[in-house]
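Q: Build me a model from this:
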Amino acid sequence: KVYVTPKSYLELISFYKQLLADKRANADMQIHRLATGLATLAKTEKDVAELQEDLKTTMVKVEEKKKATDKLIEQMGKQRGDSEVQQAKAAVEKEKADKAASKAQLIEQEATKELGSAAPAMQAAMGAVDCLSKASITELKSMTTPSPAVLGVVNTVQYMMAPKGQLNKVKPAWNEAKKMMASVDKFLESLLYFDKDNLIAENKAKVRTIAGSAEAPNPEFNYTAIKSKSSAAAGLCDWVVNILIYHDIFLDVEPKRKLLAEAQVKLDDANKKLAIVNENVAMLNARKQGFQDQLMEATEEKNTDRK
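A: Predicted coordinates for the structure are as follows:
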């Protein structure tokens, strides 16, 4: 017997086979998607765990840097405070130094002005020596019996030249006076380089008994009065008078010279203290700048770590 399968049945079987293939393909695709999703989730879980570990490490570093930054800020505050204290000290020392400088300058100006008034007398004394020649001194000492006025002039020079403590050994006799002028060159040199600043007080007082005081000078003891008797003696007289004038002014100025020296010492001391304080300020400012640079660097690193 021959059996004939209906065409519709065959088409149904063909349709079923196609549907089954589609379902299998769809199922395979879902399985692949699921597998891919599960793999992705597993990888993501692993990555998250690693990120959590990195985050823990980073947070530890951030905390350490935060503590370091806080310490830097604290140190900066201390340095700023120290710097302000030193700057205040520097201002005080500068004020002291300025006052000392002003005082020293004022004293120096006054002393210079008063010493300036002694310059004409010193120049006149040196001029008197310049006017003396070997011939005139030789002529003077060749006198046999000079007038009392001429002898008095030479005696004053003897008194001025007497070494300290030996004034009482000076003999005013003419023969003794001439011994002082025995070597004309040495005598003129002794006049030229006479230590006018350190004229011995008792010697000066003895000279004043002949030359008169500064307030009431002897009218017969001057260049004009003596010139008619001896030009060389007149020159010596002029030298004595001007040395006395110079020394009087020098003694008036000497206290101010001492004050100036003391003021200069104080000024030097004040400047040294100011230099030390300024050095400390500069050192503290440098350290403060170093802390600021470190703080900026730490802040930048902290911001980078947070990113």
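Q: Report the mean per-residue pLDDT for the helix or strand harbouring residue 51.
A: Assessed by DSSP states H and E, residue 51 sits inside helix 7-131. Across helix 7-131, the average pLDDT comes to 77.
Q: That helix: what's the following helix or strand?
A: Heading C-terminal from helix 7-131 (DSSP H and E), you reach helix 134-141.
Q: how far is that following helix from where the chain is centred?
A: From the chain centre to the centre of helix 134-141 is a distance of 57 Å (CA atoms, centre = their mean, to the nearest Å).
Q: the helices in the stretch 151-300 of the chain, which residues?
A: Remark: helices assigned in the stretch 151-300 of the chain by DSSP state H, counting those that start in this stretch are 174-180, 184-192, 201-211, 223-227, 231-306.
Q: By mean pLDDT, show me the worst of these.
A: For those, mean pLDDT drops lowest on helix 231-306, to a mean of 77.
Q: and it with helix 201-211, angle?
A: Interaxial angle, helix 231-306 versus helix 201-211 (axes from the mean of the first three to the mean of the last three CA atoms, to 10 degrees): 140 degrees.
Q: elements contacting helix 231-306?
A: If contacts are counted by 3 or more CB pairs under 8 Å, 6 or more residues apart in numbering; DSSP states H and E, helix 231-306 sits against helix 7-131, helix 134-141, helix 148-161, helix 201-211, helix 223-227. All C-beta spots, glycine's among them, are computed from the backbone N, C-alpha and C.
Q: buried residues in the fourth one?
A: Residues 203, 204, 206, 207, 208, 210, 211 are the ones in helix 201-211 that count as buried (16 or more other CB atoms under 10 Å).
Q: any idea which of those is the one closest to residue 290?
A: Using CB to CB, residue 204 comes nearest to residue 290 of those, at 67.3 Å.
Q: Excluding residues flanking it in the chain, which one is nearest that closest one?
A: In space, not counting the residues next to it along the chain, residue 204 is nearest to residue 247; the distance is 6.7 Å by CB to CB, 6 or more residues apart in numbering.
Q: doesn't residue 203 make contact with that neighbour?
A: No. In this structure residue 247 lies outside contact range of residue 203 using CB atoms under 8 Å: 10.5 Å.
Q: quick revisit: how about the buried residues of helix 201-211 in JSON lines, adding distance to residue 51?
A: Output for the buried residues of helix 201-211, formatted as JSON lines (distance: CB to CB, whole Å):
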{"residue": "203", "distance to residue 51": "105"}
{"residue": "204", "distance to residue 51": "104"}
{"residue": "206", "distance to residue 51": "110"}
{"residue": "207", "distance to residue 51": "109"}
{"residue": "208", "distance to residue 51": "109"}
{"residue": "210", "distance to residue 51": "115"}
{"residue": "211", "distance to residue 51": "111"}
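Q: For residue 9, which of the helices of the stretch 151-300 of the chain is the nearest?
A: Taking CB to CB, helix 231-306 is the member of these nearest to residue 9, at 73.6 Å.
Q: Pull the distance from the closest one to the chain's centre.
A: 6 Å.
Q: cool, and stretch 212-231?
A: For stretch 212-231, the distance to the chain centre is 53 Å (CA atoms, centre = their mean).
Q: can you tell me the distance between the two ends of it?
A: Taking CA to CA, to the nearest Å, stretch 212-231 runs 21 Å from one end to the other.
Q: And that stretch, what's buried?
A: Residues 212, 218, 221, 222, 223, 226, 229, 230, 231 are the ones in stretch 212-231 that count as buried (16+ other CB under 10 Å).
Q: what about the closest residue to the last one other than its chain neighbours, how many neighbours?
A: Nearest-residue entry for residue 231: residue 136, 6.0 Å, with adjacent residues in sequence omitted and distances by CB to CB, 6+ apart. Here the neighbour count serves as a burial measure; for residue 136 (other CB atoms under 10 Å) it reads 18.
Q: ok so, going back, so which of the helices and strands packed on helix 231-306 gets nearest residue 269?
A: helix 7-131 (8.1 Å).
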